[in-house]
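Asker: sequence and predicted structure below; questions after.
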Amino acid sequence: MNAPSAAARVLRVAVLDDYQGVAKDYADWDSLPSGAEVRFFNDHLTSEEELVPRLESFEAIVAMRERTPFPRSLLTRLPNLRLLVTTGARNAAIDVAAAAELGVAVAGTEGLPYPTAEARIMYWRSMTGCRFTPWHPTPECSR
C-alpha cells in the first residue's frame, strides 16, 4: 500500500485531560503547520485498552501534568507517536527512557503559566528536520 500523499496526511495532535476546556484558549494552535489537526479531549481515560484506540493515530500528544500515565507498555502501542509534550517542566508519569528508545521526543513547558505545546511541536520539527508529509511509517528526518 502506498503512503498517503502530502495533501492527504496532516499532523495530528491530541490534547488530553483538558477538564476545563481551556487549552484551546491558552496556546496559539494556529501557529502549527497549515492543516494540522488538534483534537481536545475533556474526559479522562484510565485504561490502556481505552487509550490505545483513541491515541494510536496521533503523532503528537500534549499531556496535562501527570493525569494520564505513559508507561513503556502504552508507548509501545502508539506506533505513530513522535512527540509527547507535558505541561510543566517534568512529568513523573512518562517513562522517558522508553520514549527515547522508541524514538519519541519528550518536551515540557518550563516555567510558563500556560501550555505552549504548539511551540514545542514546531521547535521539535525544526531541530530534528522531521516532516510529517508525505507520511511514511516514521517521519522523514534529516539528521
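Answerer: Received, thanks.

Asker: and the nearest residue in space to Glu56 that is not next to it in sequence, backbone torsions?
Answerer: In space, and not counting its chain neighbours, Glu56 is closest to Leu78: 5.7 Å by CB to CB, 6 or more residues apart in numbering. In short, each C-beta sits where N, CA and C put it, glycine included. Per-residue torsions, Leu78: phi -120, psi 80 (degrees, to the nearest 10).

Asker: Leu78: what's it in contact with?
Answerer: Residues near Leu78 by CB atoms under 8 Å, 6 or more residues apart in numbering: 52, 55-56, 58, 61.

Asker: for it, give me the pLDDT.
Answerer: Looking at Leu78, its pLDDT reads 97.

Asker: next one: it from Asp25, what distance?
Answerer: The spacing between Leu78 and Asp25, counted by CB to CB, to the nearest Å, is 27 Å.

Asker: and what of Ala107?
Answerer: The gap separating Ala107 from Asp25 is 21 Å, by CB to CB.

Asker: looking at the two, which is more packed in?
Answerer: A count of neighbours by other CB atoms under 10 Å puts Ala107 above the other of Ala107 and Asp25, at 19 against 9.
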